[in-house]
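# after the sequence you'll find the predicted model.
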Amino acid sequence: MTTKIVKVTISGRKLTMSKDPLGEVVNKVTSFLKLISGGEKIVIDQTDGKLAIGECFSIHEIIGDSEEYEINVRSSPTQEALAEVYDSIGHQTLEDIFKSLKRNLNDLCLSQGQIVDFVIAYQSKWLRMDGYGTLFFFKVKERYFVMRACWAGGGFYMTIGPIEDDDVWCAGCEFRIVVLQK
């Protein structure tokens with residue numbers, strides 16, 4: 001089976017997509033992210049909305065003024081959803097990472113219950129298990145946050161910060177990003 005590479009330019013940014021012989025998109029790249037789950041169906045089960053991140057995982061650090069927010073917020077129940085997983089490939093801020101996907105930010109957010117479900121269901125396949133982190137995007141009230149799940153010392157630890165955090169995350173950090181599929 002051969003793979004055909006198709007390059008497209010959208011608003012000055014190159015988007016590279018690989019297509020298998022049947023025309024299915026199996027890989028896409030933004031200037032900051034590379035889709036690594038293309039062609040795989042990653043299902044997040046429906047949730048009852050009763051789980052919050054802090055009730056299931058130890059929060060190691062809350063960055064910036066996030067401490068002023070009640071981070072552990074239950075959500076409404078969610079339907080079964082599909083997720084996609086990306087690897088980082090450039091130097092960027094958190095806001096740049098998520099905006100590079102060219103979708104409404106609300107559509108990328110997982111509920112806290114969905115994050116918990118994903119971590120439990122896919123830790124051995126899609127989470128970074130080598131000291132690097134996996135980023136999840138979520139919303140509390142009208143503010144966007146990013147949770148970083150890291151495996152270290154025999155367990156997960158989580159850090160949470162606002163999307164406006166202007167630290168530059170480098171490609172050498174080798175983190176993954178999980179968002180809801182379009």
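In hand now; what should we look at?
# helices or strands next to the longest helix along the chain in the packing?
Ordering each helix of the chain by length in residues (DSSP state H) puts helix 112-122 first. Here helix 112-122 touches strand 42-44, helix 53-56, strand 133-140, going by 3 or more Cβ pairs under 8 Å, 6 or more residues apart in numbering; DSSP states H and E. C-beta coordinates here come from the backbone N, C-alpha and C atoms, glycine included.
# same question for it: list its buried residues.
By neighbour count, with 16 or more other Cβ atoms under 10 Å as the criterion, the buried positions of helix 112-122 are 112-119, 122.
# ok now stretch 135-154, how far from the chain's centre?
8 Å (Cα atoms, centre = their mean, to the nearest Å).
# dump the C-alpha coordinates for it into PDB.
The C-alpha trace of stretch 135-154 is given here as PDB (Å, rounded to 0.1, in the frame of the first residue of the first chain):
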ATOM      1  CA  LEU A 135      -2.000  17.900  27.300                       C
ATOM      2  CA  PHE A 136      -5.800  18.100  27.600                       C
ATOM      3  CA  PHE A 137      -7.900  21.200  26.900                       C
ATOM      4  CA  PHE A 138     -10.900  22.000  29.100                       C
ATOM      5  CA  LYS A 139     -13.100  24.900  30.100                       C
ATOM      6  CA  VAL A 140     -14.300  26.100  33.500                       C
ATOM      7  CA  LYS A 141     -17.100  28.700  33.200                       C
ATOM      8  CA  GLU A 142     -15.800  31.000  30.500                       C
ATOM      9  CA  ARG A 143     -12.100  30.400  30.900                       C
ATOM     10  CA  TYR A 144      -9.900  27.800  29.100                       C
ATOM     11  CA  PHE A 145      -7.400  25.600  30.900                       C
ATOM     12  CA  VAL A 146      -4.800  23.000  29.900                       C
ATOM     13  CA  MET A 147      -4.100  20.000  32.100                       C
ATOM     14  CA  ARG A 148      -0.800  18.200  31.700                       C
ATOM     15  CA  ALA A 149      -0.700  14.600  32.700                       C
ATOM     16  CA  CYS A 150       2.800  13.200  33.300                       C
ATOM     17  CA  TRP A 151       3.900   9.800  34.300                       C
ATOM     18  CA  ALA A 152       6.700   9.900  36.800                       C
ATOM     19  CA  GLY A 153       7.800   7.900  39.800                       C
ATOM     20  CA  GLY A 154       5.300   5.100  39.200                       C
END
